[in-house]
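Curious how this folds, go ahead:
(one chain, ligands or ions: 1)
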Amino acid sequence: MSTHHDPPGGTLCQVPGCGRTRYGRQDHCQTHHRQMLETGTVRPIRPYRPRSSGTVKFAGLRLSPEVVREIERICARKRISQGAAIALALEAWHAARQKAKPGPLADE
Ligand SMILES: [Zn+2]
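All right, here's what the predicted structure looks like:
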């Protein structure tokens, strides 16, 4: 038996980019509903505790939880921002690629 109690706007949280399902008949998911009650405003939920599978949003990117943990370790170890840690990781990746290649012409 199908019910037609879906609120206008669908069954997802009204906070842009949230993507969580609504909490009961609220306009927001449970986390944003609680945020609204406690602070009177809503803000994006940060992936402090990423799910064990799939990807999570991190610094505007969609990354695997393993990569997020790695980046957070770099942040903590070097006491730098997420953006700086990601830049470091990319530079290291680039350096590793350069080292692996015999030369620029060996690409193809
Ligand atoms: Zn939400």
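
Residue 29 - how many residues pack around it?
21 (other Cβ atoms under 10 Å). (Each C-beta comes from the backbone N, C-alpha and C, glycine too.)

Phi, psi for residue 62 please.
Torsion angles at residue 62 (phi, psi; degrees, to the nearest 10) stand at phi -100, psi 120.

Run a quick neighbour tally on it.
By the criterion of other Cβ under 10 Å, residue 62 has 10 neighbours.

show me the contacts for the closest residue to it other than its chain neighbours.
With Cβ to Cβ, 6 or more residues apart in numbering as the criterion, residue 62 has its nearest non-adjacent residue at 4.4 Å, and that residue is residue 55. Counting by Cβ atoms under 8 Å, 6 or more residues apart in numbering, residue 55 touches 62, 63, 64, 65.

Need phi/psi at the closest residue to the third one other than its chain neighbours.
Among residues not flanking residue 64 along the chain, residue 55 sits closest, at 5.6 Å (Cβ to Cβ, 6+ apart). The phi and psi values for residue 55, taken as degrees, to the nearest 10, are phi -110, psi 160.

Give me the distance between residue 55 and residue 81.
From residue 55 across to residue 81, the span is 21 Å (Cβ to Cβ, to the nearest Å).

next one: residue 21
Distance from residue 21 to residue 81, by Cβ to Cβ: 32 Å.

Residue 45 too?
Distance, residue 45 to residue 81, by Cβ to Cβ: 20 Å.

where along this protein do the helices fall?
30-39, 65-78, 82-100 (DSSP state H).

which bits of this structure sit near the ion?
Within the chain, the positions adjacent to the ion are 13, 15, 18, 20, 29, 32 by Cβ under 5 Å from the ion.

Recalculate using a threshold of 8 Å.
Contact residues, the chain versus the ion (Cβ under 8 Å from the ion): 13-15, 18-20, 28-29, 31-33, 42, 45.
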